[in-house]
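Novice: How does the following fold in three dimensions:
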Amino acid sequence: MGRLIFFASALTLLAASFFAYALRHAELPARAALPRPVFPADLVQRGEKLASLGACAACHTRPGAAPYSGGHGLNTPFGVIYSTNITPEAETGIGLWGEDAFIRAMREGIDRRGGMLYPAFPYDHYAKVNDADMKALYAYFSTRQPARAQAKTNELSFPFNIRPLLAAWSLLFLESGPYKPDPTKSVKWNEGAYYVEGLGHCGACHSPRNALGAVKADARLAGGDADGWHAPGIGAHAKAPATWTRDSLTNYLIDGWDENHGLAAGPMTAVVNHLAKIDESMVDAMVEYLIDTQPKPDAGERTKVIQLARDREFSGGAPAGTLSENESRGEAIFARACANCHKRGGQTTPLALGAVMNAPHAGNLIAIVMKGVQPPTGAPEKSMPRFAQSLKDDDIIDLATYMRKRFTQKPAWTDAPQRVKDMRAAK
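Specialist: Below you'll find the model as predicted:
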């Protein structure tokens, strides 16, 4: 009995110590609500470009609401987390936040009052941002139009709704300190690495995560899932059928379209729309870093892959007798609903070359078929209609099964029925 009491007391002491550690962050002083501070124009302009690089508005603006007023729901394995108001409104935004509070939140995930922020806000990436750029971002957000918008309550299950537990997450996974340049690389390469690994937070979507939702350190940029979409591996982990070149990657990042890789869709659409607003030299630096780290292309093999994909795309279809009954139904649906657009040569990318058909699960294709594609601003003519109403669930499943078999050499998807069911339920 005495031993049981001892262990219970020790556990209680340990828990109390942990919560004392987790709640150790002090509330920082509020700045004056009015008048709004004035910053040098060049500093605000730099902050605007950095905010576009980070696509801050994509997460901090819900449809139809004021820019940066929050309320956008982020689906995570632990529940829905709603973004917060980051306009300089005093009561519901960050209007009372001083520069020190802003930088602490960006680097440590701690708000002005000392509360812990969920890492859906990717402060594990923003920690790499240097002081000068932090000041520019603060100047930009401090000069936005204030919008009153109360934060929505997160929809998280127990124990993920206990914020002090995030102290353990940060202790385990947060690497502190701004980006340190690699002295063996060029200035441009290091600039690109700084953008990709830091404010651009590319790894937030393009990396696999562990059971606690942290990026796997040994698989950064190796491909991941975000909001039901698969983001393929990039940089050293790029495995596109047609190897990326500097020109093709630049086209894709700025316009959201490349003839040998396809069109940006899903969460990537907002990213390229924001990258189109920054200096092209910043995109060039990102390309310098990503291309240098990826496997080096073989020009002859790349040309061969592209030609084979085009031959397959514009052929008459699968050889007779090679399809199952369901795949044959899918072929008929493809001929009726898809082939008219996907046999236009340069108007569309051969499906065999795109990331959608080569993804490890059917989520990307199902989402595109059901929801259609609203193209990035750089490729307005590349739209696609939605088929959620005109195709039944079995039609969509058979179509996906057929397309996977015809346009890739990869194993058949097994998740298409569940993906369709989930998307119908999410209406």
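
Novice: mind listing the helices for the stretch 201-350 of the chain?
Specialist: Assigned by DSSP state H, counting those that start in this stretch, the stretch 201-350 of the chain shows helices spanning 203-206, 246-255, 267-275, 280-293, 299-313, 325-337.

Novice: what does the average pLDDT come to for the shortest one?
Specialist: Right, helix 203-206. For helix 203-206, the mean per-residue pLDDT is 95.

Novice: for that helix, packing partners?
Specialist: Secondary-structure packing of helix 203-206 (3 or more C-beta pairs under 8 Å, 6 or more residues apart in numbering; DSSP states H and E): strand 224-226. Placement of C-beta: from N, CA and C, glycine included.

Novice: Mind giving me the packing neighbours of the strand it packs on?
Specialist: Here strand 224-226 touches helix 203-206, strand 229-231, going by 3+ C-beta pairs under 8 Å, 6+ apart.

Novice: helices or strands up against the last one?
Specialist: Applying 3+ C-beta pairs under 8 Å, 6+ apart, one finds that strand 229-231 contacts strand 224-226, helix 267-275, helix 363-371.

Novice: could these go into CSV alongside mean pLDDT?
Specialist: Conversion of those to CSV gives the following (pLDDT from 0 to 100):
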stretch, mean pLDDT
strand 224-226, 92
helix 267-275, 95
helix 363-371, 96
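
Novice: As TSV, these with distance to residue 172 would be great.
Specialist: Listed next are the helices and strands packed on strand 229-231 as TSV, based on distance: least, C-beta to C-beta, whole Å:
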stretch	distance to residue 172
strand 224-226	19
helix 267-275	26
helix 363-371	29
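
Novice: could I get the ones you listed as JSON lines with mean neighbour count and distance to residue 175?
Specialist: Shown next, in JSON lines, are the helices and strands packed on strand 229-231 (neighbours: other C-beta atoms under 10 Å; distance: least, C-beta to C-beta, whole Å):
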{"stretch": "strand 224-226", "mean neighbour count": "19", "distance to residue 175": "18"}
{"stretch": "helix 267-275", "mean neighbour count": "21", "distance to residue 175": "23"}
{"stretch": "helix 363-371", "mean neighbour count": "22", "distance to residue 175": "30"}
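
Novice: for these, which one sits closest to residue 235?
Specialist: strand 224-226 (13.0 Å; C-beta to C-beta).

Novice: quick one: strands adjacent to the closest one?
Specialist: strand 229-231 (antiparallel) (DSSP bridges).

Novice: could you dump the helices and strands packed on strand 224-226 to a markdown table with mean neighbour count and distance to residue 408?
Specialist: A markdown table is the format used below for these (neighbours: other C-beta under 10 Å; distance: least, C-beta to C-beta, whole Å):
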| stretch | mean neighbour count | distance to residue 408 |
| --- | --- | --- |
| helix 203-206 | 22 | 20 |
| strand 229-231 | 21 | 14 |
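
Novice: any chance of the ones you listed in JSON lines, with distance to residue 53 too?
Specialist: Listed next are the helices and strands packed on strand 224-226 as JSON lines, based on distance: least, C-beta to C-beta, whole Å:
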{"stretch": "helix 203-206", "distance to residue 53": "13"}
{"stretch": "strand 229-231", "distance to residue 53": "17"}
